[in-house]
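[1] Here you go, sequence then predicted model.
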Amino acid sequence: MPVSSSLYRFKFFLFLLGWILYLPTTGAGELSTPKHPNILLICVDDLRPELGCYGAEHMQTPNIDAFSESGVTFDRCYVQVAVCNPSRASMMTGIRPDRLGVWTLRIHFREAMPDAVTLPQYLRQTGYTCEGYGKIFHNPWPDPRSWDQPHRWSPGGFTHYTAEQKAFAQEVRESFPEGSWLRQNLRGLITNAPEIEDTEHKDGGLTLLAVERLKALGKQKKPFFLAVGYTLPHLAWCPPKRWWDRYDREQLPLASNPFPPKDAPQVAVGTNYEPAYYADMIDMPKPWEGSVSEETARRLRHGYFASISFIDSEIGKLLAALDAEDRADDTIVVLWSDHGYKLGEHAGWSKMTNYEIDTRIPFIIRDPRSPSNGQRCDRLVETLDLFPTLCELAGVAMPEMVDGQSAAALINDPEALHKGAAFTQFVRQQMIGNAIRTDKWRYVEWRTLKEAELKHQELYDQQNDPDENKNVFGQHPEVEADLQQRLCKVLVPHSISLIPPIRSKKGGKRVKVEWTNQHNGPVRVTWINPQGERKVLFDLPAGASRKNTTSVGHLFSMESKDGIYHENLEITDTSKQLFLGKGADDELPTAKDQ
């Protein structure tokens, strides 16, 4: 038999074996470890695909690069909203922001869609043990019902400012008038290079915590889903000094396009407001006002790159622990970021646009059973595809409630067909920008929230202008008509309210109530204000009582930290004794009369 024929038959055998392993073999509640692999989800905040494995030769990311060589690396993966909360909510529920009702930082998805089911919540129902550490959901809202153990943060600090740095920040704070927004919200320096050990930083401590749990979970019979969320390279950029020393600041490349896209509407380019929170960046110009100095740009990029190299090292330690525990061969590993990031591109710093630089992320999946590990995939994928993808790879029933499309076939064959477009959204200035990204184009339209009136349109030629430096809308009418039709079919123009249905009513009379926790663990009581925003009031220990004054019509969310008990409660004229922990189950009761 010719050698080529033997090789072909061997590859075909691997192909069939891969698909056999992917097929669900048991029903819910009947999982067994060999047929249902463990899952390690690594989330990195604000990580754009400027990594060695994505062609950035100046970056020192040896561990992510090695991981890329052992898995399938996606070159065109897009988030649904380029800011933390809605991006994470969409990925974890598999639901588009337009249906989920979460487009901004302020609204928890539990108030927007009470019956939404998260990926770990769903896997728990099928027999997985699910635990989350670090930043998985938006910081203030760990979502206890998603986890089998209370969500945990690591010890350590993020910034390690010196006394002099703290004094400088205080001096800047006091320069603002009493009651001003910046006086109340100003942060410290945007960069710092503290002389500390890696484990003294919260992200370094997180690795120690995650490795400890990995060892424990690896010894049990049930398959596990472990989510580990690193905060860097989110601001402030304060990794240990030794990671700064890996780079020569004067040799770092700068953005090649430090200007807004020509002919783009102002609403599309952002405001750079996030860096302006920091005491040494209060004069940060808006993109249409100009760029920062080269000295400042180099300092900021240095801090971002140093942060990435630090996190790369932590990811290496986590993956090494997986190998040491002999679990690499039965664990699917995913590397994901909640959005990209601008480092001077389009005169922007931070995220929060519909452009490629903000919506495209690094995305790598290593399934030890895949014959395609080490290959790259150029198909368009969306992060809401991850939920059904992991379900299919894990051999559990495919969820019916998600909007994402499983990309499991791409893990086996990176050239398989998937979807022809990715969709993103962003809300700003009482408008929503809806975007469609295809192989050749990005089309964006800005509509008013209330009337869905079309105000602005953008078109970018991805083949001839991959950096999206010129809006060419009006020059390709047939393309524009086709893209608008495709966009509006998925993101149907409609009136949008940023206030969710689950919220407090206004104007009720004041009443005194007493809360008593009858659950066998601590319960967090959170007020849902009339704008639908969460305000944590207090944590009530088991058996404890507490009195406070509230208003008729106010709505509260009660969630036990063990994820077992959760309900919403609306205050009425007769509310005096409020007992928490009764009727604990896995369903979220919706508020009445909302």
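    Structure received.
[2] Moving C-terminal from the helix or strand of the chain with the lowest mean pLDDT, which element do we reach first?
    The least trusted helix or strand in the chain, going by mean pLDDT, DSSP states H and E, turns out to be helix 3-22, with a mean of 39. Proceeding N to C from helix 3-22, the next assigned helix or strand is strand 38-44, under DSSP states H and E.
[3] Walk me through which strands that following strand pairs with, and which way each runs.
    Note on strand 38-44: by DSSP bridges, its sheet partners are strand 224-230 (parallel), strand 331-337 (parallel).
[4] starting at the chain centroid, how far to the last one?
    Between the mean C-alpha location of strand 331-337 and the chain-wide mean there is a distance of 13 Å, by CA atoms, centre = their mean, to the nearest Å.
[5] Helices along the stretch 101-250 of the chain, start to end?
    109-112, 119-125, 163-174, 181-185, 202-217, 241-244 (DSSP state H, counting those that start in this stretch).
[6] Pick the most buried one from the ones you listed.
    helix 109-112 (a mean of 24; mean count of other CB atoms under 10 Å). C-beta: built from backbone N, CA, C; applies to glycine.
[7] Can you name the residues in contact with that one?
    89, 93, 100-102, 116, 141, 143, 500-503, 528, 532, 534, 557, 588 (CB atoms under 8 Å, 6 or more residues apart in numbering).
[8] at 6 Å instead, please
    Contacts to helix 109-112, defined as CB atoms under 6 Å, 6 or more residues apart in numbering, come from residues A89, L100, G101, V102, A116, P500, I502, I528, G532.
[9] And the closest residue to the second one other than its chain neighbours, how close does it get to I95?
    Okay, so that is L100. Distance criterion CB to CB, 6 or more residues apart in numbering; nearest residue to L100, sequence neighbours excluded, is M113 at 5.3 Å. Distance, M113 to I95, using CB to CB, to the nearest Å: 7 Å.
[10] of those two, who's got more company?
    I95 (26 against 20; other CB atoms under 10 Å).
[11] How about that one, nearest residue that isn't a chain neighbour?
    D403 (5.3 Å).
[12] Also F259?
    F259's closest residue in space is A347 (CB to CB, 6+ apart), at 5.6 Å.
[13] ok, that neighbour touching P258?
    Yes - between A347 and P258 there is a contact at 5.4 Å, judged by CB atoms under 6 Å.
[14] Between those two, tell me which one has more neighbours.
    Each of A347 and P258 has its neighbours counted (other CB under 10 Å); A347 has more, 22 against 19.
[15] need the contact list for the more buried one.
    P258, F259, P260, P287, S291.
[16] Looking at the chain, which helix is longest?
    Longest helix in the chain, counting residues (DSSP state H): helix 294-324.
[17] in that one, what counts as buried?
    For helix 294-324, burial by neighbour count (16 or more other CB atoms under 10 Å) applies to 296-316, 318-319, 321-322.
[18] can you map out the strands along the stretch 401-550 of the chain?
    Secondary structure of the stretch 401-550 of the chain (DSSP state E, counting those that start in this stretch): strands located at 422-428, 431-437, 441-448, 454-461, 510-517, 523-528, 534-540, 545-551.
[19] Poorly predicted segments of this structure, please.
    1-34, 583-594 (pLDDT under 70).
[20] The same query, at a cut-off of 80, please.
    Under the criterion pLDDT under 80, the flagged ranges of the chain are 1-34, 139, 582-594.
[21] Give me the domain ranges for it.
    Per automatic domain parsing, the domain ranges recorded for the chain read 9-412, 422-490, 510-580.
[22] Packed most tightly, which of those domains would that be?
    Among the domains of the chain, ranked by average contacts under mean count of other CB under 10 Å, first place goes to domain 9-412 (a mean of 20).
[23] which residues sit in contact with G71?
    With CB under 6 Å, 6+ apart, G71 has these contacts: I364, I365, R366, N373.
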